[in-house]
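Participant: Model the following, please.
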Amino acid sequence: MMKRFAYILALAVMLISCERRPLEDLTNAHYIRVYIDEEIKNVTMGFYNENYERPDYESPYVMRVTLADPATGEIKAERYLKDIGHDENGTYYEGYIVANPGRYTLMAYNFDTRVTRINNSNNHKEAKAYTNNIPPHIKTRLNSQTVKSNDDKIVYDPDHLFVANCGEMTVGYSDDIDTLKTPDGKYFVAESLVKSYYLQVRIKGMQYVSSAVSLLSGMSGSAWLQSRNPDTDDKTTVYFEMIPGETPSTGVSKASSDEELILYTTFNTFGKIPDETNNLQMTFDFLTIYGKPYSETIDITDIFHTEAAIEHQWLLIDHLIEIPAPPPQTGGGLSPTVGNFDEIHTEIII
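Facilitator: Numbers count the residues shown, from 1 in each chain. Coordinates of the predicted model:
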């Protein structure tokens, strides 16, 4: 709650510094409206299981709109849109931007992401979204064999970044407020650079687990805002947490029993590296209640090519993870120890 309060306070200070004032001089002032496409698979629609826990989602608080030189990408005008409206086309953000007549490229994106960061935000050609590496205190809790054998950086999965842009556009002189629109005469629409995937695997022995996380390799760690394409040279491993779900047979959650359960999550990514044929490795990393780490690594390359993955962004892994029971106690008291790591590599046959 304190982190949330501090975030909102910082945003409020920023918005106060950019408070709206009446446009006394209407020369070269332009009205702009940006809609956001909030139909996001596995976040606001298209769920694999309606009863499962859904990712947190809130509409953006503010959109940043910029006009840039088409040749250099250097920003020449900007405005923060914080007036929000709703109509039959969805949620939109509106306001006014002042720009001299000329040729520009336009870009708009939400300015309030919690995890996603923007590099080179003052140049359209160089602006890129990314996320930070996981901190050392989390990395040290992971199975050291898994981390040691992984050459990629390990990063958080991004939250949704809505981006609208267009090719070159002409902004003319006006002694009254006009409206900026796309070349086909429509308002701008911002779509997310991020895809959300639902992932599940079967597990037995969940009652022996104190924490469960996953590492997915072969992902892109960033994406260019102007082209909307992932950076294919930025190869990363994405880190996210898992959630125990229902039993496959009865649909009842029994996380404290020895019955088989579904372990699931919804994670976000800028996209996978193209032509990664043998390096989409999913590592499930567990810490047991008796102090012994346990992990399994599965090649899920083929699963990304299934109909469920392509059409729905569902990664359904038909594999059973079995967490070992704690070793029997000997003597009169508890003597917890941490032994060697158990690590299993498995291929899934499609």
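
Participant: residues contacting residue 308?
Facilitator: For residue 308, the contacting residues are 314, 315, 316, by CB atoms under 8 Å, 6 or more residues apart in numbering. To be clear about C-beta, it is placed using only N, CA and C from the backbone, and glycine gets the same treatment.

Participant: Isn't the last one up against residue 304?
Facilitator: Translated: residue 316. No - with contact defined as CB atoms under 8 Å, residue 316 does not reach residue 304; the gap is 11.4 Å.

Participant: what about residue 222, distance to residue 137?
Facilitator: As defined by CB to CB, to the nearest Å, residue 222 lies at a distance of 24 Å from residue 137.

Participant: Give me the more crowded residue out of the two.
Facilitator: Under the criterion of other CB atoms under 10 Å, the comparison of residue 222 against residue 137 puts residue 222 first, with 22 against 7.

Participant: Quick check: chain neighbours aside, which residue is closest to that one?
Facilitator: residue 130 (3.9 Å; CB to CB, 6 or more residues apart in numbering).

Participant: what is the one you found paired to in the beta sheet?
Facilitator: With DSSP bridges applied, the residues forming beta bridges to residue 130 are residue 117, residue 222.

Participant: show me the contacts for it.
Facilitator: Under the criterion of CB under 8 Å, 6+ apart, the contact partners of residue 130 comprise 116, 117, 118, 119, 155, 158, 221, 222, 234.

Participant: redo that, cut-off 6 Å
Facilitator: Residues in contact with residue 130 (CB atoms under 6 Å, 6 or more residues apart in numbering) are 117, 221, 222.

Participant: The closest residue in space to residue 285 that isn't next to it in sequence - how many residues pack around it?
Facilitator: In space, and not counting its chain neighbours, residue 285 is closest to residue 295: 4.7 Å by CB to CB, 6+ apart. For residue 295, the number of neighbouring residues by other CB under 10 Å comes to 22.

Participant: Mind listing the residues bridging to residue 295?
Facilitator: What pairs with residue 295, by the bridge criterion (DSSP bridges), is residue 285, residue 343.

Participant: Quick check: pLDDT value at it.
Facilitator: According to the model's per-residue confidence, residue 295 sits at a pLDDT of 93.

Participant: any chance you could map the strands in the stretch 1-150 of the chain?
Facilitator: In the stretch 1-150 of the chain, the strands defined using DSSP state E, counting those that start in this stretch lie at 29-36, 63-68, 75-81, 83-87, 90-98, 102-110, 117-119, 128-130.

Participant: contact partners of the fifth one?
Facilitator: It stands for strand 90-98. Counting contacts by CB under 6 Å, 6+ apart, the residues outside strand 90-98 that touch it are 28-36, 59, 63, 65, 77, 79, 81, 83-85.

Participant: Rounded mean pLDDT for it, please.
Facilitator: Taken as a whole, strand 90-98 has a mean pLDDT of 96.

Participant: relative to strand 63-68, how tilted is it?
Facilitator: Note on geometry: by axes from the mean of the first three to the mean of the last three CA atoms, to 10 degrees, strand 90-98 and strand 63-68 are set 40 degrees apart in direction.

Participant: Direction included, what does strand 90-98 pair up with?
Facilitator: strand 29-36 (antiparallel), strand 83-87 (antiparallel).

Participant: Now do that strand and strand 102-110, the angle between them.
Facilitator: Angle, strand 90-98 to strand 102-110, by the same axes, to 10 degrees: 140 degrees.

Participant: ok, residue 95 - how many residues close by?
Facilitator: Other residues near residue 95 number 18, with proximity taken as other CB under 10 Å.

Participant: in this protein, which strand has the most residues?
Facilitator: Longest among the strand segments of the chain by residue count, using DSSP state E, is strand 209-220.

Participant: circling back: which one of the contacts of residue 130 is nearest residue 50?
Facilitator: Ranked by distance to residue 50 (CB to CB), the contacts of residue 130 are led by residue 221 at 31.7 Å.

Participant: And that closest one, how close does it get to residue 233?
Facilitator: From residue 221 over to residue 233 the distance is 10 Å, taken as CB to CB.

Participant: Which one's more surrounded, these two?
Facilitator: Neighbours per residue (other CB under 10 Å) separate residue 221 from residue 233, with residue 221 holding more: 27 against 9.

Participant: contacting residues around the more buried one?
Facilitator: 130, 155, 234, 236.

Participant: Could you tell me which residues make contact with the closest residue to it other than its chain neighbours?
Facilitator: Counting by CB to CB, 6+ apart, the nearest residue to residue 221 once its immediate chain neighbours are dropped is residue 236, at 3.3 Å. With contacts taken as CB under 6 Å, 6+ apart, residue 236 has the following neighbours: 152, 153, 155, 219, 221.

Participant: can you check residue 286 too?
Facilitator: By CB under 6 Å, 6+ apart, the residues touching residue 286 are 209, 212, 294.

Participant: can you pick the most crowded of those residues?
Facilitator: Using other CB under 10 Å as the neighbour test, those are led by residue 294, with 22 neighbours.
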